[in-house]
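Q: Turn this into a model:
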Amino acid sequence: MTPIQSAVVLPPFQLKTLNSDFMVDEIYLEPHYAPKKNAAYTYLWVQKENMTTFTLLHHLADYFNCPRPDVSAAGLKDEFAVTRQAISLRAVVSNRQIRQANEFFADSGLMISIDRLLGYGQEPVRPRLLHGNKFTIIIRQLAPEIAGNLARNLDSDRFFQFINYYDEQRFGLPGSIHNTYLIGQALLAGDWAAAYHHYLQSGIDAGEIAQAVAALHQSGSHQTALSTSAAGKLNFFVSSYNSYVWNSRLKQIIEQQFNAVQVELPYLGPLALPIDQTVPMLPRLSIDVEKIKWPSGAPYRTIKTRPVFITVPVFILDQFADELHPGDQAVTVSFYLPTGCYATMLIKQLILLTAIR
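A: Got it, this is the predicted structure:
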């Protein structure tokens, strides 16, 4: 049979109108704790708003006078949201120091709050400890019919299956041109000049731009400048490119499936989605990707394997008139996702399938 490749439009909706519309709580496997007197690290539970996890780690390193690599997180969290996650410092700090830090952040206008001290240990928090995230999300500016159908569908069957594409957060900051995959592509090609110039255009703030420009002026080397000014992001850029490759390959496979639709998504371009959830799909997709060992810069090839579809229970918590968009409706949903999955991608597909069925 010839695949159906009709084009559909995602209905209007809004996420993150307010930071409190998008609540994220990290679920992580706890590190091994140790008595404070034998510890090298302090584990903190930190809430943030209006900043990336990279920026959060920078502020914590500055305040606690730690080298930037000595402050780590298991996962990256959304910038425009209220997010809570575990952070490790390579320092032993007390509850008194934490109270002083919170006072400093509040006085400085930074939306950072160290909610509690989790404990002490010998190892940093690492990505392998990240299990997933719990989300509580308000979806606004929904047409009343779509909001009603969405609520009724989830009331009758809360299990939702969506295609596990990487979403736009993987490719850039809000308001940017979403070119981080181009930085990664240039790094893999050894083109440090192109990577540097893409980095300057990637939505980083004026301070980060100034740091990169000063590093280039001082060293005369694009490689040294970028390695210095974006040291903690180089792996992310390479992973961004590999995520772009994975999305492209998955799209090609789904285009071969019967009863698929094409939907144009911001920063991602057209993606293919099956509208019949009973169509057999491969459970996982593996692709050959290239990575780099830092700081040596030696490339190596590996296999990137990722589930093609994710099935999760999505709970409808509320449906109400959207006071921020008169005449429209809002719904509140809550769900858990394993690490590497995107809540925004689930929401987009949930709304799309609600509208076209």
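
Q: Only C-alpha atoms from now on, for both contacts and neighbour counts.
A: Will do.

Q: which residues in this structure form helices?
A: Ranges of helices within the chain are 53-63, 95-107, 144-156, 180-188, 192-200, 206-219, 222-229, 234-255, 343-356, based on DSSP state H.

Q: Any idea what residue 320 is bridged to?
A: Following DSSP bridges, residue 320 is listed with bridge partners residue 330.

Q: who's residue 298 bridged to?
A: Per DSSP bridges, the residues bridged to residue 298 are residue 293.

Q: Make sure it is actually in contact with residue 189.
A: No: applying CA atoms under 8 Å as the test, residue 298 and residue 189 come out as separate, 11.4 Å apart.

Q: my read: residue 121 touches residue 42, true?
A: Yes: look at residue 121 against residue 42 with CA under 8 Å: they come within range, at 6.6 Å.

Q: higher neighbour count, those two?
A: Remark: of residue 121 and residue 42, residue 42 carries more neighbours, 26 against 22, as counted by other CA atoms under 10 Å.

Q: Need the per-residue pLDDT for the more buried one.
A: What the model reports as pLDDT for residue 42 is 98.

Q: Can you give me the distance of it to residue 166?
A: Using CA to CA, to the nearest Å, residue 42 is found at 32 Å from residue 166.

Q: ok, now residue 269?
A: To residue 166, residue 269 is 12 Å away according to CA to CA.

Q: And for residue 69?
A: Counting by CA to CA, the gap from residue 69 to residue 166 is 26 Å.

Q: now residue 314
A: 19 Å.

Q: same check, this time on residue 12
A: Note on residue 12: its distance to residue 166, by CA to CA, is 21 Å.

Q: OK, contacts around the spatially closest residue to residue 90 that is not a sequence neighbour?
A: Among residues not flanking residue 90 along the chain, residue 41 sits closest, at 4.5 Å (CA to CA, 6 or more residues apart in numbering). Residue 41 is in contact with 88, 89, 90, 91, 92, 120, 121, 122, 123, 124, counting by CA atoms under 8 Å, 6 or more residues apart in numbering.

Q: Who has more neighbours out of residue 269 and residue 166?
A: In this view residue 269 and residue 166 are compared by other CA under 10 Å, and residue 166 has more residues nearby, 19 against 9.

Q: wouldn't that one be in contact with residue 343 here?
A: No: the pair residue 166 and residue 343 fails to qualify as a contact (CA under 8 Å) at a distance of 10.1 Å.

Q: Now do the contacts for residue 241.
A: Contacts for residue 241 (CA under 8 Å, 6+ apart) come out as 180, 181, 182, 183, 184, 185.

Q: Which pLDDT value goes with residue 255?
A: 86.

Q: Relative to residue 244, how far out is it?
A: Distance from residue 255 to residue 244, counting by CA to CA: 17 Å.

Q: Longest strand in this protein, by number of residues?
A: When the chain is scanned for its longest strand (criterion: DSSP state E), the result is strand 130-142.

Q: which non-adjacent residue is nearest residue 348?
A: residue 10 (7.5 Å).

Q: That neighbour: neighbour count?
A: Residue 10 has 16 neighbouring residues, counting by other CA under 10 Å.

Q: List the contacts of the residue nearest to residue 36 when sequence neighbours are not counted.
A: Among residues not flanking residue 36 along the chain, residue 120 sits closest, at 5.7 Å (CA to CA, 6+ apart). Residue 120 makes contacts with 33, 34, 35, 36, 39, 40, 41, 42, 43, 92, as judged by CA under 8 Å, 6+ apart.

Q: I'd guessed the fifth one sits against residue 121; true?
A: I take that to be residue 39. Yes: if you go by CA under 8 Å, residue 39 and residue 121 touch, sitting 4.8 Å apart.

Q: Distance of residue 81 relative to residue 174?
A: 12 Å.

Q: Near residue 214, how many other residues are there?
A: Neighbours of residue 214 under the rule other CA under 10 Å: 14.

Q: same check, this time on residue 227
A: A total of 19 residues lie near residue 227 under the criterion other CA under 10 Å.

Q: mind listing what it touches?
A: Contacts for residue 227 (CA under 8 Å, 6+ apart) come out as residue 234.

Q: go again using 7 Å as the cut-off
A: Shown in contact with residue 227 (CA atoms under 7 Å, 6 or more residues apart in numbering): no residues.
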